[in-house]
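Engineer: give me a model of this one.
(one chain, ligands or ions: 2)
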Amino acid sequence: MRKTAGDPKATDDPRLAAGAETSSAVRLDDVAVRFRTKKKDVTALQDVSLDVRAGEFVAIVGPSGCGKSTLLKLVAGLLAPSSGEVLLGGERVRGPRRDIGYVFQRAALLDWRTARRNILLQAEMRGIPGAEARARADDLIRMTGLGGFEDAYPHELSGGMQQRVALCRALLHEPPVLLMDEPFGALDALTREQMNVELNRIWRETGTTVLLVTHSIPEAVYLADRVVVMSPRPGTITETIDVGLPAERSYATTLATAEFGAATGRIRELLGAVSAHE
Ligand SMILES: Nc1ncnc2c1ncn2[C@@H]1O[C@H](COP(=O)(O)OP(=O)(O)OP(=O)(O)O)[C@@H](O)[C@H]1O
Ligand SMILES: [Mg+2]
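Structural biologist: Ligands and ions are numbered 1, 2, ... in the order given. You can find the predicted model right below:
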């Protein structure tokens with residue numbers, strides 16, 4: 001889908017408007033990553049160029065070990081490219097970036113803290129004033145349907161709820177860019193669908209740019225504006241698919257659309273062709 005000037009998502013969020021005018025939110029220019037270990041050298045990524053617009057939702061799919069997590073780590077500044085350039089908000093990434101949100105495959109919550117205090121950890125680490133952080137946490141708790149569970153400890157929450165807490169924590173400081181590495185992999189199918197619907201709504205409400213790594217083709221297509229399909233190691237971008245669906249997507253009707261069928265079909269074809277050569 002392409003957002004137009006008339007799209008409320010494009011006009012309501014100042015970060016979107018500013019980002020759209022000045023530069024892309026995330027940019028990788030001819031990036032390569034080589035790991036040197038004692039036993040062997042591994043080229044994880046090669047010739048990777050990607051331009052993500054502010055407010056855009058990009059999903060990344062590809063076989064295991066093709067460099068998806070490596071790509072997210074580059075954007076977060078946790079890893080430096082061996083060659084090429086990574087830019088965040090038009091600025092070259094030179095070290096760990098604080099202006100991003102990162103959601104991992106496992107919720108990684110602190111057992112001894114309640115849901116709210118796990119979310120507020122982000123504020124404590126960043127020195128965000130208490131009252132402001134608490135108000136924002138309450139908003140996010142409401143937005144993600146965690147109301148009533150603020151004071152529960154992680155072991156008292158379901159897997160989906162724990163993942164929601166992790167999502168709230170990643171969004172607390174209103175990051176312009178949210179990086180998600182297989183965040184729903186450990187959830188059952190139904191909870192995963194609910195989280196997909198939730199994430200679509202949160203993305204529309206916050207205007208955050210999202211890079212999501214997933215192994216689920218339907219999840220990638222349901223959520224994203226574009227899906228990046230990667231080849232096996234050394235990971236390169238095989239093809240980028242424009243999904244062509246509106247930002248607001250009802251789950252049931254979206255899955256029945258021609259656009260959804262075409263995009264999932266093409267990605268399956270690409271990944272199937274990829275594994276046939278492995
Ligand atoms: N710190 C490291 N040192 C050495 N090799 C590494 C390191 N991190 C990743 N690799 C290698 O780089 C390649 C890409 O790893 P990466 O974790 O990015 O894959 P992935 O696409 O996220 O896989 P998965 O879908 O299984 O999570 C793999 O071959 C991996 O062994
Ligand atoms: Mg990974």
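
Engineer: who does the nearest residue to Pro183 once chain neighbours are set aside bridge with?
Structural biologist: Nearest non-adjacent residue to Pro183, counting by Cβ to Cβ, 6 or more residues apart in numbering: Val103, 4.5 Å away. In short, each C-beta sits where N, CA and C put it, glycine included. Following DSSP bridges, Val103 is listed with bridge partners Met180.

Engineer: tell me the pLDDT of Val103.
Structural biologist: Predicted confidence (pLDDT) for Val103: 89.

Engineer: which bits of the stretch 1-150 of the chain sit near ligand 1?
Structural biologist: By the rule Cβ under 6 Å from any ligand atom, the part of the stretch 1-150 of the chain lying against ligand 1 is 35, 37, 42, 44, 62, 64-70.

Engineer: tell me if I am right that Val229 is in a strand.
Structural biologist: Yes - Val229: assigned to a strand according to DSSP: H, G, I helix; E, B strand; the rest coil.

Engineer: if we can go back for a sec, if I look at the residue nearest to Pro183, how far off is Ala170?
Structural biologist: Separation of Val103 from Ala170 (Cβ to Cβ, to the nearest Å) stands at 5 Å.

Engineer: common neighbours of those two, please.
Structural biologist: Residues touching both Val103 and Ala170 by Cβ atoms under 8 Å, 6 or more residues apart in numbering: 178, 180.

Engineer: what's around Glu239, how many residues?
Structural biologist: 13 (other Cβ atoms under 10 Å).

Engineer: interface residues of the stretch 151-278 of the chain facing ligand 1?
Structural biologist: By Cβ under 6 Å from any ligand atom, the residues of the stretch 151-278 of the chain that approach ligand 1 are Arg233.

Engineer: for ligand 1, what is the nearest residue in the stretch 151-278 of the chain?
Structural biologist: For the stretch 151-278 of the chain, the residue closest to ligand 1 is Arg233, as judged by Cβ to the nearest ligand atom, at 5.3 Å.

Engineer: good, we can wrap up now.
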